[in-house]
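Novice: A structural model of the following input is requested.
(chains A and B)
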There are 2 protein chains.
Amino acid sequence: MIVALAGGVGAARLLRGMVEVVAPSEITAIVNTGDDTDLHGLHISPDLDTVMYTLADAINPETGWGLAGETWRVMESLGTLGGVTWFNLGDQDLATHLYRTQRLSEGARLGAVTSELVGSFGVGVTLVPVTDDPLRTRVQLADGPEVGFQEYFVRLRHEVPVSGIRFDGADRATPGPGVLEALDRGDPIVVCPSNPVVSIGPLLAVPGVLDHLQRRRDRVIGVSPIVAGAAIKGPAGRLLVEMGFESSVVGVAKWYASWVGTLVIDEADASLAAAVEAEGVRCIVAPTIMSSVERSATLAGTVLDALG
Amino acid sequence: MIVALAGGVGAARLLRGMVEVVAPSEITAIVNTGDDTDLHGLHISPDLDTVMYTLADAINPETGWGLAGETWRVMESLGTLGGVTWFNLGDQDLATHLYRTQRLSEGARLGAVTSELVGSFGVGVTLVPVTDDPLRTRVQLADGPEVGFQEYFVRLRHEVPVSGIRFDGADRATPGPGVLEALDRGDPIVVCPSNPVVSIGPLLAVPGVLDHLQRRRDRVIGVSPIVAGAAIKGPAGRLLVEMGFESSVVGVAKWYASWVGTLVIDEADASLAAAVEAEGVRCIVAPTIMSSVERSATLAGTVLDALG
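Specialist: Residues are numbered from 1 along each chain as shown, chains lettered A, B, ... in the order given. Coordinates of the predicted model:
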């Protein structure tokens, strides 16, 4: 059995490769919900959906999020009404949010609803929200107010300076059913190449998760989302710097050192392998750019082989 | 100035005719919100939307509800997810509900949101929800549980016996801004041909409304939704009987007698005019079937002429 800690696009790609090399039923992914947002009354879980759609081979391959063959009728109409349209929701994608919100309003927990959706999408990997409780990443803008994560990430296109990040609700959150159990089994734990600050950070903020990871440190292997000093996608590099770390594989190693025993870095960063190891983190150099399912599968194989 | 008490389709048609004979800006419609429902996390106001869409000439002419040229992408996707699809929501229509729900979540009141939507749809009539507070028509099934109105009306297709109706929240509801003021101006008050029990009933249940109507009884004129013993559409006839009244213009007159001074009945019911007047309600016989905008306009003219 394999456990993965997952954010959005990068995690989705690694998991999509992983199911080429091990059976989907062997994989449990613990997914970030700090990105979740309430908009139009709907409960939107972007990371859960990106992972689910990708594993279902239903993802929009051009954007890396949303569904292939999507239409935009609702958003177009909402635009003519002067509604909030900066967070783009396709017509098919909206059905996922309507389903989730209706089930939550009926009293179902997020984890249970996720299982239902994953089943409908024919996904064999077990996806577990890190918590069923409200968890919301909040971003303190250096020159403005504190905003919700999606407002920072989508509306402001993560182009503005940030002075702080906090995970609202984390202190009152309980790990979702199965989360701590999965971490305790002694299985390999793969930290997907997701944003260390705002995708993996919320997972660590849920009480109990970091402790359990630290106890299993020798079984935890991460893939650096930073390649050649920058994130493949998104604000990981920028946020690491804003949090006082370097935008490099060494910065990632420092950020993760207390609970990640092994870090896979890209060949482009081979010269930094010794610096990573100087942080007390075993370093593996491999191609990490997941530009195809084949490359994702190769990377997944490298990661799993590394822990034996 | 003219005030109208409105439910859904029948009211929408009379109002659509009315704007042919008087300026839209002269008309204030006080609209039922007892039909409102929360589904998928969305606040849906079917009567407000039916009136708004009809006045915007955007209504689906075949169904009498929803929007013309509608598509159903979201519902189709929701169906494949096993979601709740008995309440059909078109893609364009969904935009209205997303807009409304988002604005309500921001703290806007239903009346203010309605004004915004009415403006976006280019409607000149003032639409006022009877209350901004929660008001939900609940239907006690004779052979089953109490259900929400839409569950009775749409899911069960109003084909089941009913033993009781109540308007949940009415006792704590405050009339919307402008409602009592409109009723107090001494203007003609037109009771549209809506379901007396479940469309007009909720309006009367909001504290203050019935008192104000009774004080203005000589300025209140109704159009019977019952023609030749049956409702043009919907369960009005059946519900009148279940509430202990007749499914006839006489039943309507009895139901309305305390606050409606004049009732317009269809030519098909001319023989019952004396029986209506025996209830103390002045009776006018006229063609009331609104099968075209022209016929609606003629009926609106008849109604307005009757009060001078």
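
Novice: show me what contacts the closest residue to chain B within the stretch 201-308 of chain A?
Specialist: For the stretch 201-308 of chain A and chain B, the shortest gap (CB to the nearest CB) falls at A:Pro202, measuring 22.7 Å. Placement of C-beta: from N, CA and C, glycine included. Taking CB atoms under 8 Å, 6 or more residues apart in numbering or on different chains, we find A:Pro202 in contact with A:Asn32, A:Thr33, A:Gly34, A:Asp35, A:Val130, A:Leu135, A:Thr137, A:Phe167, A:Ala170.

Novice: hmm, try it at 7 Å
Specialist: Contacts here follow CB atoms under 7 Å, 6 or more residues apart in numbering or on different chains; on that basis A:Pro202 touches A:Asn32, A:Gly34, A:Val130, A:Leu135, A:Thr137, A:Phe167, A:Ala170.

Novice: Enumerate the residues of chain A near chain B.
Specialist: Taking CB under 7 Å from any CB of the partner chain as the test, the list of chain A residues beside chain B reads A:39-43, A:71, A:73-74, A:77-78, A:80-84, A:91-92, A:94-96, A:98-99, A:101-102, A:105, A:117, A:120.

Novice: Got a quick PyMOL command for the buried subset of those residues?
Specialist: In PyMOL, a selection of the buried entries from the residues of chain A next to chain B looks like this (16 or more other CB atoms under 10 Å in any protein chain shown):
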select buried, chain A and resi 39+40+41+42+43+71+73+74+77+78+81+83+84+91+92+94+95+96+98+99+101+102+117+120
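
Novice: Filter the residues of chain A next to chain B down to the ones in helices?
Specialist: A:73-74, A:77-78, A:80, A:91-92, A:94-96, A:98-99, A:101-102, A:105, A:117, A:120 (DSSP state H).

Novice: partners of A:Ala6 in the sheet?
Specialist: Beta-bridge pairing for A:Ala6 (DSSP bridges): A:Val31.

Novice: Now do the strands in the stretch 101-250 of chain A.
Specialist: Ranges of strands within the stretch 101-250 of chain A are A:126-129, A:136-141, A:146-148, A:162-168, A:189-191, A:220-223, A:226-227, A:230-231, based on DSSP state E, counting those that start in this stretch.

Novice: Deepest-packed of these, please.
Specialist: Ranked by mean neighbour count under mean count of other CB atoms under 10 Å in any protein chain shown, these are led by strand A:189-191, which reaches a mean of 29.

Novice: Partner strands of that strand and their direction?
Specialist: Strand A:189-191 has these strand partners (DSSP bridges): strand A:2-6 (parallel), strand A:220-223 (parallel).

Novice: any chance of those strands in TSV, plus mean pLDDT and distance to A:His158?
Specialist: What follows is those, written out as TSV (pLDDT from 0 to 100; distance: least, CB to CB, whole Å):
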stretch	mean pLDDT	distance to A:His158
strand A:2-6	98	19
strand A:220-223	98	21
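
Novice: can I get those in CSV with distance to B:Glu62?
Specialist: What follows is the strands paired with strand A:189-191, written out as CSV (distance: least, CB to CB, whole Å):
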stretch, distance to B:Glu62
strand A:2-6, 47
strand A:220-223, 55
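
Novice: Could you point out which of the ones you listed sits nearest A:Arg157?
Specialist: Closest of the strands paired with strand A:189-191 to A:Arg157 is strand A:2-6, at 23.0 Å (criterion: CB to CB).

Novice: In that closest one, which residues are buried?
Specialist: Within strand A:2-6, the residues scored as buried using 16+ other CB under 10 Å are A:Ile2, A:Val3, A:Ala4, A:Leu5, A:Ala6.

Novice: what residues are up against the second one?
Specialist: With CB under 7 Å, 6+ apart as the criterion, the residues that contact A:Val3 are A:Thr28, A:Ile30, A:Ala182, A:Leu183, A:Asp187, A:Ile189.

Novice: go with 10 Å
Specialist: A:27-30, A:126, A:128, A:178-179, A:181-191, A:213, A:216, A:219-220 (CB atoms under 10 Å, 6 or more residues apart in numbering or on different chains).

Novice: Could you measure from it over to A:Pro46?
Specialist: Using CB to CB, to the nearest Å, we find A:Val3 at a distance of 21 Å from A:Pro46.

Novice: Correct me if wrong: A:Ala274 contacts A:Cys283.
Specialist: Yes - here A:Ala274 reaches A:Cys283: they are 7.8 Å apart, a contact under CB atoms under 10 Å.

Novice: list residues touching both of those two?
Specialist: With CB under 10 Å, 6+ apart as the test, A:Ala274 and A:Cys283 both reach A:Val250.

Novice: Between these two, point out the one with more neighbours.
Specialist: A:Cys283 (22 against 10; other CB atoms under 10 Å in any protein chain shown).

Novice: what bridges to that one?
Specialist: Applying DSSP bridges, one finds that A:Cys283 bridges with A:Leu263.

Novice: where does the residue of the stretch 201-308 of chain A closest to chain B land on pLDDT?
Specialist: At A:Pro202, the model reports a pLDDT of 98.

Novice: For it, which non-adjacent residue is closest in space?
Specialist: A:Gly34 (3.1 Å; CB to CB, 6 or more residues apart in numbering or on different chains).

Novice: ditto for A:Gly90
Specialist: A:Glu70 (3.6 Å).

Novice: do A:Tyr53 as well
Specialist: In this structure, A:Tyr53 finds its nearest non-sequential neighbour in A:Ile59, 4.3 Å apart by CB to CB, 6+ apart.
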